[in-house]
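>>> How does the following fold in three dimensions:
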Amino acid sequence: MNQIHPTAIIHEGATLGENCIIGPYCQIGKDVVLGKDNVLASNVIIDGHTMLGDGNKISPYAVLGTDPQDLKFKDEPTRLRIGNHNTIREFVTINRSNQMEEDTVVGNNNLIMEYVHIAHNCQIGNFCVIANVVQFAGHVHVHDYAIIGGITAVHQFVHVGTHAFVGGASALKKDIVPYSRGQGNPYKTVGLNSVGLMRKGFSSETVAAIKEIYNLFYRSKLNISQALAKAESMDNLSPEQLIFINFVKTADRGLST
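This next block holds a predicted model:
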């Protein structure tokens, strides 16, 4: 049975799964679909064609599924999809996409801290940690297990690779390769996220393989095209090395150095 505070406003047409808790002064729009076991603390606004999975915890004053902040938006019924078991803290804003062909997506098991803004068409993976006041422009992709430090600004269309660690107060204008760590404005990639990888259970052999491919791109004197050609000629590439190589091949904004 759902627990709905009498001051909450749930528009006719909204769909609520079982065992949801809807706190004081929450507002849920007519096109919203909530799964089961979601907790909306108080003063949460969820609007538009927004779908949440199960077991999400939404803190006060979060605003989800509002129109994209984009002059090209034509008032279409675009979508926001949020998965399962996310923690979304106070004053987070997540906009719907600006076009029907692509949704704004947040995956599963993410921690999104206070005052984060996730703009239209962003794609957030799983098990990411996004610290306070991180600001994503449109079309940003954050791959699984990435960590982004607080007060970081991310330019539109930037991709952040899996298991990357971005230090706080950074400005990201180019893509951040998987498994790396860095910081700054301008951003500087300084090495592998070795501590984070070991904490996630990566073996020393796996980390060594990642380091080999990282060094090819960041420690040799080859340019990106030369390093990519050499990497693709290597035998018995590990899954992690392939992830790194494929990320480089699709880095439309170029790589942060």
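
>>> Can you show me the helices along the stretch 151-257 of the chain?
Under the criterion DSSP state H, counting those that start in this stretch, the stretch 151-257 of the chain contains helices at 194-199, 204-218, 224-232, 239-249.

>>> For Gly65, which of the ones you listed is the nearest?
With C-beta to C-beta as the measure, helix 239-249 is the member of those nearest Gly65 (29.7 Å). Heads up, the C-betas are built off the backbone N, CA and C, glycines and all.

>>> before we move on, back to that, of the helices of the stretch 151-257 of the chain, which is nearest Lys30?
Of all the helices of the stretch 151-257 of the chain, helix 239-249 comes closest under C-beta to C-beta, at 39.9 Å.

>>> what's the angle from the closest one to helix 204-218?
Interaxial angle, helix 239-249 versus helix 204-218 (axes from the mean of the first three to the mean of the last three C-alpha atoms, to 10 degrees): 20 degrees.

>>> Helix 239-249 - contacts with which helices or strands?
In terms of contacts (3 or more C-beta pairs under 8 Å, 6 or more residues apart in numbering; DSSP states H and E), helix 239-249 is packed against helix 204-218, helix 224-232.

>>> Let me see the mean pLDDT of the longest one.
Per-residue pLDDT values across helix 204-218 average out to 98.

>>> what's the answer for stretch 175-185, then?
On average, stretch 175-185 scores 98.

>>> Can you get me the start-to-end distance on that stretch?
14 Å (C-alpha to C-alpha, to the nearest Å).

>>> Over to stretch 23-34?
14 Å.

>>> can you count the residues close to the closest residue in space to Ile10 that isn't next to it in sequence?
Take Ile10 and drop its neighbours on the chain: the residue closest to it by C-beta to C-beta, 6 or more residues apart in numbering is Ile28, 4.7 Å away. Applying other C-beta atoms under 10 Å, we find 27 residues neighbouring Ile28.

>>> can you give me phi and psi for Ile28?
Backbone geometry at Ile28, expressed as degrees, to the nearest 10, gives phi -120, psi 120.

>>> Need the pLDDT of it.
Reported pLDDT for Ile28: 98.

>>> Surely it touches Leu34?
Yes. The criterion here is C-beta atoms under 8 Å, and Ile28 meets it with Leu34 at 7.4 Å.

>>> what sits in contact with each of those two?
14, 16, 46 (C-beta atoms under 8 Å, 6 or more residues apart in numbering).

>>> Would you format these as JSON lines with pLDDT and distance to Leu64 included?
Below are the shared contacts of Ile28 and Leu34 laid out as JSON lines (pLDDT from 0 to 100; distance: C-beta to C-beta, whole Å):
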{"residue": "Ala14", "pLDDT": "98", "distance to Leu64": "13"}
{"residue": "Leu16", "pLDDT": "98", "distance to Leu64": "15"}
{"residue": "Ile46", "pLDDT": "99", "distance to Leu64": "5"}
